[in-house]
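J.: Quick one, what's the 3D model for this:
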Amino acid sequence: MNKPGELILHPFRERRRQRERQQTIVRARYAGGMVLGLVAVHWTKKLVKRIPGVNILAIPILDMVPTAIIGPALGAAVVYGVDQGDITAARHKVKEVYRDVSRDVNNAVRDLRMDILEMRRRQAESIDRLLPELEQQVTSMERQATPALEKYYAQTQRQVAQLKKDLERGSTDTRLKLKDEEL
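T.: Numbering: from 1, shown residues only. The predicted structure follows:
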């Protein structure tokens, strides 16, 4: 005899199996449609290329049509159209999806544009805050560096003057004096 739990779960299991069977059938139909679409596009291209006169114009155009992409897409579109009872159903579905995707992309672009404008505003504020600080630091560094540079400049001038005097007198001890002063 069946357990009470099995009686309750049995209808759910059966529905799940039926759904799985239906999904398998749908997958098989779409796979078959994709294969048939691939074959149909391949043979159509091959036949059109063999028509004299037309092939001269058709070959460059047909060579731009990727059979491996267009064939399965066309086959799946035909299966979808047959399922919906309207052969142009895939076209309508693509337009609907395109509208949705286009709307989503436009929303994302608008959001990104707003984010970029906000980032630019923040950057301008940061620059406005930092510029006075940087100017103040440069002025402070100038105040600190100028006396030191003037001191070393004056010291260098004295050393050059001393060197000139020593050279005029013919002394060779100048190098020793300069080294002693540096130490």
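
J.: and the longest helix belonging to the chain, how far out from the chain's middle?
T.: In the chain, taking DSSP state H as the definition, the longest helix is helix 89-169. Computed by Cα atoms, centre = their mean, to the nearest Å, the chain-centroid distance of helix 89-169 equals 25 Å.

J.: In terms of secondary structure, what does it contact?
T.: Judged by 3 or more Cβ pairs under 8 Å, 6 or more residues apart in numbering; DSSP states H and E, the packing partners of helix 89-169 are helix 67-84, helix 174-182. Using the backbone N, CA and C atoms, a C-beta is placed for each residue, glycine as well.

J.: weakest of those in terms of mean pLDDT?
T.: Among the helices and strands packed on helix 89-169, helix 174-182 carries the lowest mean pLDDT, a mean of 53.

J.: quick check: angle from the longest helix of the chain to helix 67-84?
T.: Helix 89-169 runs at 140 degrees relative to helix 67-84, counting by axes from the mean of the first three to the mean of the last three Cα atoms, to 10 degrees.

J.: for the record, mean pLDDT for helix 89-169?
T.: 88.

J.: mind checking how far T139 is from E168?
T.: 43 Å (Cβ to Cβ, to the nearest Å).

J.: again but with D111, I slipped
T.: 80 Å.

J.: what's the answer for R143, then?
T.: 39 Å.

J.: repeat for V26
T.: Taking Cβ to Cβ, one finds V26 at 108 Å from E168.

J.: Who has more neighbours out of the two?
T.: Each of V26 and E168 has its neighbours counted (other Cβ atoms under 10 Å); V26 has more, 12 against 8.

J.: Which strand or helix spans the more buried one?
T.: Secondary-structure element containing V26, defined by DSSP states H and E: helix 4-50.

J.: what's the helix or strand just after that helix packed up against?
T.: Sequence-wise, the next helix or strand downstream of helix 4-50 (DSSP H and E) is helix 54-63. On a contact count with 3+ Cβ pairs under 8 Å, 6+ apart, helix 54-63 meets helix 4-50.

J.: mean confidence for the helix it packs on?
T.: Rounded mean pLDDT across helix 4-50 is 83.

J.: what packs against that helix?
T.: helix 54-63, helix 67-84.

J.: buried residues in the last one?
T.: For helix 67-84, burial by neighbour count (16 or more other Cβ atoms under 10 Å) applies to 67, 70-81.

J.: And the first one, by the same measure?
T.: Counting neighbours by 16+ other Cβ under 10 Å, one finds that the buried residues in helix 54-63 are L62.

J.: got a list of what the residue lying closest to A73 once chain neighbours are set aside touches?
T.: Sequence neighbours aside, G37 is the residue nearest to A73 in space, at 7.1 Å (criterion: Cβ to Cβ, 6 or more residues apart in numbering). G37 sits next to 70-78 when contact means Cβ atoms under 8 Å, 6 or more residues apart in numbering.
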